[in-house]
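Participant: sharing a sequence plus its predicted fold:
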Amino acid sequence: MSTPTPVSSSVVPDLSLAPRVQQAIAVLGASNAISILRTLDRNGGRLLNGSFSSAMPWMGSSLGVRLVTMEEGGLVARSGSGRDGSVALTEAGREALQIQVPVARWASVHQSRPATGSGPGAYTAQALASLDRRYTVATLWAIASEGEPVYPSEIQDLVLPDGGPHPAVLYQRLTQMKDAGLVVRTGERRAYLYDLTEAGRELLEPLEVLARWAERHVPAPETVAAAVPEPQQAARLAVTSPASAPAATTTSPAALAAARAGAATVRSTIALAFSDSPAPQAAPLVGNPAAAHRR
């Protein structure tokens, strides 16, 4: 088995950015969002409502609905009403178009050809739609940050917030990402290890571009720090306190690997009702979006 190519730390941003990048993917990957941005850009950054409808006739009444959500996402600004009203690119919308190059390049290599359209916009829209699943970005970054195959329980510690979703959500996401060719799974049931595939590693650079955009244009989510329960707090103090720390010993790599595997197996057996088959989903992780006439 070949050794995975090391991941540069420059393409693994702070994991705390992952929710903002995931939100950016949701905003930019919405049906026809990229196509609308490209249409505005081709027309000098502004179009009258009447001209917009003529430029994208296939959208019909859904155009107005999409423009409302894109305005809420800060991508466009609307003024006036009726056919004399207009829609303009914002700074965020204009900068979002720069994401196309790295994302489309990655998608053209690692995904199937879009069902409609063959240009950068079509590939970008398809790639963003395929990544629009909660915790996808955080999971990719968590695996990359470790620099070696990791157990789901170790990914869980980095990705899922205390008191958050059931760990089975992460297992299902990992299975979907494996089916999409982003991660590879090795090992035995309840002690699986996950690592990035070539496609997963090469996706890190487009995600870094998305992260820079999200830092500028996606507000940080409001978070409330969860109090550490007293028993856990005591246990952490016992582990980290110099007074209680045992004398330094040399542990072999084999012993460390065995300890990791044992801990992962126990957590999988006790905490998770794990199945190789993901729960039914509305759509596969990677699939061509139904939006027509990508341009």
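Facilitator: Structure received.

Participant: which helix or strand in this protein has the lowest average pLDDT?
Facilitator: Confidence across the helices and strands of the chain bottoms out at helix 230-240, with a mean of 38, counting by mean pLDDT, DSSP states H and E.

Participant: the stretch 101-250 of the chain: helices as residue ranges?
Facilitator: If DSSP state H, counting those that start in this stretch is used as the criterion, the helices of the stretch 101-250 of the chain fall at 120-130, 136-146, 152-159, 168-179, 198-217, 230-240.

Participant: so which of those comes closest to S81?
Facilitator: helix 198-217 (26.0 Å; C-beta to C-beta). No exception for glycine: its C-beta is placed from N, CA and C like everyone else's.

Participant: from the contact counts, what lies against the closest one?
Facilitator: helix 18-28, helix 91-96, helix 100-110, helix 136-146 (3 or more C-beta pairs under 8 Å, 6 or more residues apart in numbering; DSSP states H and E).

Participant: now the shortest one: buried residues?
Facilitator: If I follow you right, that is helix 91-96. Neighbour-count burial for helix 91-96 flags 92-93, 96 (criterion: 16 or more other C-beta atoms under 10 Å).

Participant: show me what it packs onto, helices and strands only.
Facilitator: helix 33-42, helix 198-217.

Participant: winner for burial among those?
Facilitator: Mean neighbours per residue, mean count of other C-beta atoms under 10 Å, is largest over those for helix 33-42, with a mean of 22.

Participant: neighbouring contacts of that helix?
Facilitator: 27-28, 46-47, 52, 55-56, 63, 66-67, 70, 75-76, 87-89, 93-94, 96-97, 100, 121, 124-125, 128, 291, 293-295 (C-beta atoms under 8 Å, 6 or more residues apart in numbering).

Participant: whichever of those end up buried, select them in ChimeraX.
Facilitator: To isolate the buried members of these in ChimeraX, using 16+ other C-beta under 10 Å:
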select :27,28,47,52,55,56,63,66,67,70,75,76,87,89,93,96,97,100,121,124,125,128,291,294,295
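
Participant: where's the nearest residue to V27 once chain neighbours are set aside relative to Q111, distance?
Facilitator: Spatial nearest neighbour of V27, excluding adjacent residues (C-beta to C-beta, 6 or more residues apart in numbering): G73 at 4.1 Å. G73 sits 24 Å away from Q111, going by C-beta to C-beta, to the nearest Å.

Participant: please apply the same query to V27.
Facilitator: Remark: distance between V27 and Q111 (C-beta to C-beta) = 20 Å.

Participant: same check, this time on R133
Facilitator: On the measure of C-beta to C-beta, R133 and Q111 end up 15 Å apart.

Participant: okay, these two: which has more neighbours?
Facilitator: R133 (21 against 18; other C-beta atoms under 10 Å).
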